Every structure is written in C-alpha cells, then in structure tokens.
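Can you look at this prediction? I've put the sequence above it.
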Amino acid sequence: MNQVTKIMSAYPDFSPEAEKLPKSVLFGRLGTYCMANLLFMVLLLIFRAFSVQNGHDPLPYLFLLFALCSYPLVMVKEPTGRFCLLVIAGPLMFLFFGFNDLLSYFMELKGRYLSPAEDLMTSAEMVILSGISSLFIGYALAILGIKQKGRPAFSSDWKTWQIITIGLICTVVGVYATWIAQISVDLNQKFLVESQIDAGFMILGRMVEPVGAVLLSYAYMKSKNFKLLLLILVIAAVKLPIGIILNSKEIGISFAAIFIMTHWIYTGRIPYRWVIILSVVIVVYFPISYAYRASLGASNMTVSKSMDDIDQLFVKAEKYKKKDETASGIKKFASRNDYKSMIDLIVNRVGRTVRFQGGHTLAELPYAFVPRLVYPGKPAVSTGQLFNREFHVSLDRNSYVSASFLGEFYWNFGWAGTLLGMFCMGFFWGVIGRVANIRDHASVAKMLILISAIYLLIVRFETGIAQQTVQFLRSLLIIYLLDVLLRIFRGGGATYDTPEVPESAEMNPTKAS
C-alpha cells in the first residue's frame with residue numbers, strides 16, 4: 001500500500017504538495033478529468049450509433065486509451081515542470097494508437113478491421129494499453145527516485161549574445177547540411193555520399209539545426225527583443241518553401257514548431273496566437289506539400305534532379321491539389337500516424353511466422369559514442385527496412401516502415417519487452433524530466449535537453465529505438481561540451497547570466513499568454 005501511495009504521489013494532485021492547494025483547485029482538476037472522459041464516452045456512443053462500419057468495435061479500447069493518455073495532461077499541477085515530457089507524450093500516444101480507430105467510425109480506414117469482430121479487446125490493444133501504462137509508471141518512479149541535492153545540474157545560463165551567436169551558426173550550418181543531405185538521396189532513399197567525412201558532416205549538421213532553433217527561440221523569450229522575433233519569423237517563413245522543395249514537411253515547419261514549444265516550456269503558458277497562426281499555415285501548407293510530393297513521384301525524379309524543373313513541378317502540384325479532397329488529406333494524416341495497425345501486425349505474426357529479434361535491433365546502443373572510423377564493424381541496423389522485409393509490408397524492400405518503440409520492444413522480446421522495455425523508457429524520460437526541470441532553474445542547456453528529448457524520443461517515437469536514443473545521447477554530449485566550453489571561455493567555474501525561474505501559468509493563471 002505504501003508503494004502505491006508513493007507512485008500516486010509522483011503526480012502532484014496526489015502528493016503532499018496537493019494539500020497546500022485550495023480544495024476547489026484540487027477537485028476542479030479531478031472533476032475536469034472525469035467530465036472529459038465522460039464526454040468522450042458519450043461521443044464514442046454517438047459515433048457507434050450512427051456508424052455503418054463492420055468489424056471489430058474499438059470503443060472499450062478507445063475509452064481506456066483516452067483515460068490513460070489524458071491523465072497527465074489534465075491532472076499534473078505544473079505541465080511544464082518535471083512531468084513536462086509525460087504531458088506531451090499523452091496526446092501523442094493517443095494520436096499514434098487511437099486516432100485512426102476514432103476516425104474509422106465514419107471513414108473507411110483499414111486499421112480496425114484487422115481483428116475479429118467479436119473480440120471485446122484484441123491482443124494488440126492490450127499490448128498498447130499495458131505498454132503505455134508501463135511507460136507512465138516508469139516515469140513516475142524516476143521522479144520519486146531522484147532527489148535533488150545541492151546546486152541543480154545545468155543551472156547556470158549563458159549570456160544572451162552567446163546564445164544568439166551560437167544559434168545563428170547552428171541554424172546556417174544545419175540548413176546547409178539538410179539541403180545537401182536531401183539532394184544526396186536517390187529514389188531508393190540511399191545516400192549518394194562516398195566520403196565518411198562528408199556523411200559525418202551531414203549527420204552533425206542536421207543535428208545542430210534544431211539546436212539553433214531552440215537557442216534563438218530561448219534568446220527571444222529571455223530578452224523579448226523585437227528584432228530577434230523578426231529574425232525568427234523570417235527564418236521560419238524561408239524554411240516553408242525549402243521544405244516543399246526538399247520533399248519534407250518536417251523541414252518546413254520544424255523551426256516554427258520549436259519556437260512554439262520553447263515558448264510554452266519557458267513561460268508555462270500555451271501561446272494560443274502562435275498556435276493558431278501555425279495551424280492556419282499547416283492547413284494551407286500540407287496539401288501543397290502532399291501535391292508537390294505526388295508530382296515529384298509521378299515524374300520519377302529525385303530532389304536533386306527536380307531543381308531544374310521546380311516551376312513545372314509546382315504547376316503539376318496545383319493540379320494534384322485540386323484533385324485531392326479534404327477527406328483524403330485527413331485519411332493520409334491518420335494513416336501516416338497509425339501505429340496500432342503495426343502493433344496488430346507484430347503481435348499476430350511474431351513467434352508464429354516471424355521470429356523474435358532478441359535484441360538485434362538494439363545492437364547499436366552500446367556503441368553510441370564509438371565513431372565508425374574507430375570501429376568500422378560497429379552494428380548498424382535499419383530497423384524500418386528490416387521490419388519491412390521481415391513482415392513484407394511494402395513491395396519496395398528499401399522502403400522504411402516504422403514499427404514504433406512499443407512495436408519494436410514486442411518484436412524483440414514479446415510481452416517482457418513491452419512491459420520492461422516501456423518501463424525502462426519511461427524511467428529514462430523521467431530522469432530527463434527531473435534533471436532538466438526548467439521550473440527549478442531556467443537555463444538554455446535545460447531547454448536544449450528538453451526539446452531534444454521531445455523531438456527525438458517522443459515525436460519520433462515511430463522510429464528505431466537505438467537510432468533515436470543514440471541521437472539523443474549524442475545531442476546531450478554536444479550540449480554538455482557547449483556548456484563546458486562556455487565555462488572555460490568565461491574563466492573557470494564562473495557563472496554566466498543569473499538564471500531566472502520563469503513564472504508558470506499555474507503560478508499565475510490570470511496572466512495572459
């Protein structure tokens with residue numbers, strides 16, 4: 001019973017700190033959570049009543065998934081504090097594992113029809129719910145297990161001019177490296193780069209671009225300099241057409257998304273105006289990007305070959321855009337982010353027609369900091385391509401098909417991988433959230449750690465575990481080295497700017513964003 005109390009106390013509303021809150025606030029949050037889940041159940045019942053689709057009904061699963069994923073979002077007292085990563089992970093887990101099923105009540109989407117109609121809960125659904133629960137429990141236990149003693153890690157901040165200078169350098173180098181990388185890919189998604197040095201530059205350059213976005217965004221939040229805001233907006237605007245030309249929506253909107261995320265974490269308040277602006281841009285931008293990609297594919301052209309025919313490709317893209325309906329765009333979005341179908345495929349075939357990997361796809365983890373020049377035989381497993389070839393998902397053997405962290409854990413070790421693997425991942429995230437808690441002391445190093453974790457480990461939850469974890473660990477090394485170099489530059493252990501603790505929305509809920 002004591003252990004249960006400890007786990008629940010990791011969530012602020014069930015901790016001793018909650019006693020200091022007015023009861024109206026405490027029960028208000030609990031009431032909001034219960035009401036949200038009740039309304040969601042009512043919506044599900046309405047959807048089912050008017051649905052004419054056949055096959056497995058995911059209603060019980062969707063309700064439990066929503067209740068699980070919405071808990072940290074509603075119940076956590078300080079969303080941008082130590083539970084920051086969990087608050088972001090909840091909605092994304094629902095998007096990855098529930099959104100497609102939700103839409104299947106009024107759209108013909110294949111995901112829900114993979115299971116027998118009479119099943120109340122499929123094996124894949126139980127794996128997903130158990131895995132996410134283990135993730136959340138691991139996170140909570142990490143928060144409990146780490147006691148802050150002495151001066152918090154990364155508590156000294158950099159000078160504003162240093163942040164801006166390094167941010168600009170990282171942004172320029174990153175955009176250039178991304179451009180070179182995208183035009184060096186053939187139709188089979190293979191890099192046409194022979195030199196290991198050039199390949200290393202491209203990898204490093206692409207890693208530092210989001211670092212530049214975080215640094216510039218943080219510098220603006222810290223200084224509120226209008227000229228710096230204009231610079232950020234110009235860079236975000238310039239990246240939109242670059243993203244289309246380079247055939248990557250992520251490249252196009254990543255800078256703006258990082259700015260909004262940094263704003264939210266630093267202030268503790270959602271910047272609704274910027275969110276609305278970005279949402280409008282996405283509504284316009286995504287159909288154009290889809291259409292341009294379709295015209296590129298129809299012309300059987302690589303990004304590099306398309307440079308001479310950009311005008312003609314945009315004309316073709318406009319024709320594709322006119323043919324594409326809104327419903328088709330929603331289906332593409334749901335299909336692109338549907339990993340429940342992959343879990344269903346894995347659970348039903350692994351151990352029967354496909355063998356367990358037994359840790360093979362995780363082989364790269366112990367060599368995270370070993371350069372290939374030092375150890376040419378270092379394991380390198382393209383998890384997505386291996387998954388595609390083992391399960392025959394795509395006709396093209398070179399296509400990268402995402403299995404998600406959860407699916408990869410099951411593919412390697414079955415139920416043990418699901419429970420223990422997701423628990424360890426949650427514990428790892430919890431350590432990050434505790435160490436990089438910006439509500440204790442705000443610093444650019446902590447912000448870099450949080451944004452790196454959000455992007456590489458949560459947003460990219462779809463990709464290979466080893467690949468993303470190694471990238472995150474290398475990002476940590478870069479952040480640490482930057483911090484140390486600036487300490488040396490300043491002279492020994494001298495601090496930089498005295499960091500402030502930003503006032504969160506929870507501390508002052510009346511303050512507008």
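Cool, the structure landed.

Any idea how many residues pack against Asp344?
Asp344 is flanked by 22 other residues according to other CB atoms under 10 Å. All C-beta atoms are positioned from the backbone trio N, CA, C, and that covers glycine.

So it sits against Asp119, correct?
No. Applying CB atoms under 8 Å, one finds Asp344 not in contact with Asp119, separated by 11.3 Å.

shared neighbours, the two?
Contact criterion CB atoms under 8 Å, 6 or more residues apart in numbering; residues shared by Asp344 and Asp119: none found.

Need the distance between the two termini of stretch 407-423.
Taking CA to CA, to the nearest Å as the measure, stretch 407-423 stretches 14 Å from start to finish.

Then stretch 342-358?
Using CA to CA, the two ends of stretch 342-358 sit 19 Å apart.

pLDDT on it, on average?
What stretch 342-358 shows for mean pLDDT is 92.

quick one, phi psi at Lys446?
phi -60, psi -40 (degrees, to the nearest 10).

show me what contacts it?
Phe154, Val435, Ala436, Asn437, Ile438.

Now the residue nearest the centre of the chain. Nearest residue, chain neighbours left out?
Central residue of the chain (CA atoms, centre = their mean): Val459, 1.1 Å from the mean position. Spatial nearest neighbour of Val459, excluding adjacent residues (CB to CB, 6 or more residues apart in numbering): Leu92 at 6.9 Å.

Give the burial count for that neighbour, as a bare number.
The burial count for Leu92: 16, using other CB under 10 Å.

Check the gap between it and Phe405 for me.
12 Å (CB to CB, to the nearest Å).

anything in contact with each of the two?
Contact criterion CB under 8 Å, 6+ apart; residues shared by Leu92 and Phe405: Phe461.

For the residue nearest to Val459, pull up the helix or strand it's in.
According to DSSP states H and E, Leu92 maps onto helix 84-97.

which residues sit against that helix?
Contact with helix 84-97 is made by 65-66, 68-73, 76, 79-80, 128, 132, 135-136, 139, 265, 337-340, 343, 404, 406, 429-430, 432-433, 437-438, 450, 453-454, 457-459, 461-462, as judged by CB under 8 Å, 6+ apart.

contact partners of the following helix or strand past that helix?
Remark: after helix 84-97, the chain's next helix or strand is helix 99-103, criterion DSSP H and E. Outside helix 99-103, the residues that touch it by CB under 8 Å, 6+ apart are 47, 58, 61-62, 109, 111-112, 330-331, 334-335, 337-338, 340-341.

I'd like the distance from the helix or strand following helix 99-103 to the chain centre, please.
Elements were assigned by DSSP H and E; along the chain past helix 99-103, the next helix or strand is helix 123-145. Its chain's C-alpha centre and that of helix 123-145 lie 17 Å apart, by CA atoms, centre = their mean, to the nearest Å.

Check which residues of the helix or strand following helix 123-145 are buried.
Heading C-terminal from helix 123-145, the first helix or strand you meet, by DSSP H and E, is helix 160-183. Neighbour counts over helix 160-183 (16 or more other CB atoms under 10 Å) mark 160, 162-164, 166-168, 170-171, 173-175, 177-183 as buried.

tell me the mean pLDDT over stretch 162-174?
The average pLDDT for stretch 162-174 rounds to 90.

Can you give the distance from that stretch to the centre of its chain?
Worked out by CA atoms, centre = their mean, stretch 162-174 lies 23 Å from the chain centre.

if we can go back for a sec, now the helix holding Leu92 and helix 123-145, what's the angle there?
Calculated by axes from the mean of the first three to the mean of the last three CA atoms, to 10 degrees, helix 84-97 forms an angle of 180 degrees with helix 123-145.

Go through helix 84-97 and flag the buried ones.
Applying 16+ other CB under 10 Å to helix 84-97 flags 84-90, 92-97 as buried.

of the contacts of helix 84-97, buried ones?
65-66, 68-73, 76, 79-80, 128, 132, 135-136, 139, 265, 337-340, 343, 404, 406, 429-430, 432-433, 437-438, 450, 453-454, 457-459, 461-462.

From the contacts of helix 99-103, pick the one nearest Ile251.
Asn337 (18.0 Å; CB to CB).

tell me the contacts of the closest one?
Leu95, Phe96, Phe99, Asn100.

closest to Pro366 among those?
Among these, Phe96 lies closest to Pro366 (CB to CB), at 27.7 Å.

okay, that closest one: pLDDT?
Phe96 carries a pLDDT value of 94.

how about the helices in the stretch 251-400 of the chain?
In the stretch 251-400 of the chain, the segments counted as helices under DSSP state H, counting those that start in this stretch are 272-298, 303-306, 310-323, 326-336, 340-349, 383-391.

Measure how far the longest one is from the centre of its chain, please.
I take that to be helix 272-298. Relative to the mean C-alpha coordinate of its chain, helix 272-298 is positioned 19 Å out (CA atoms, centre = their mean).

contacts for stretch 347-355?
Leu114, Ser123, Ala124, Val127, Ile346, Phe356, Glu390, Phe391, Tyr410, Trp411, Gly414.

Swap in 6 Å and give it another go.
With contact meaning CB atoms under 6 Å, 6 or more residues apart in numbering, stretch 347-355 is reached by Ser123, Ala124, Val127, Glu390, Trp411.

and if you look at stretch 428-436?
Contact partners of stretch 428-436, identified using CB under 6 Å, 6+ apart, comprise Arg82, Cys84, Leu85, Tyr139, Ala142, Ile143, Ile146, Ala153, Lys446, Ile449, Leu450, Ala453.

Tell me who's in contact with the last one.
Ala453 makes contacts with Leu85, Ile432, as judged by CB under 6 Å, 6+ apart.

So it: helix, strand or coil?
With DSSP: H, G, I helix; E, B strand; the rest coil as the basis, Ala453 sits in helix.

and it, how far is that from Phe154?
13 Å.

Quickly list what's touching both of the two.
Shared contacts of Ala453 and Phe154 (CB under 6 Å, 6+ apart): none.

picking up where we left off before, can you tell me which of the contacts of Asn337 lies nearest to Ala219?
If you rank these by distance to Ala219 using CB to CB, Leu95 comes first, at 30.8 Å.

okay if I get the contacts of stretch 347-355 as a markdown table plus neighbour count and pLDDT?
What follows is the contacts of stretch 347-355, written out as a markdown table (neighbours: other CB atoms under 10 Å; pLDDT from 0 to 100):
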| residue | neighbour count | pLDDT |
| --- | --- | --- |
| Ser123 | 14 | 91 |
| Ala124 | 24 | 92 |
| Val127 | 26 | 96 |
| Glu390 | 17 | 89 |
| Trp411 | 32 | 95 |
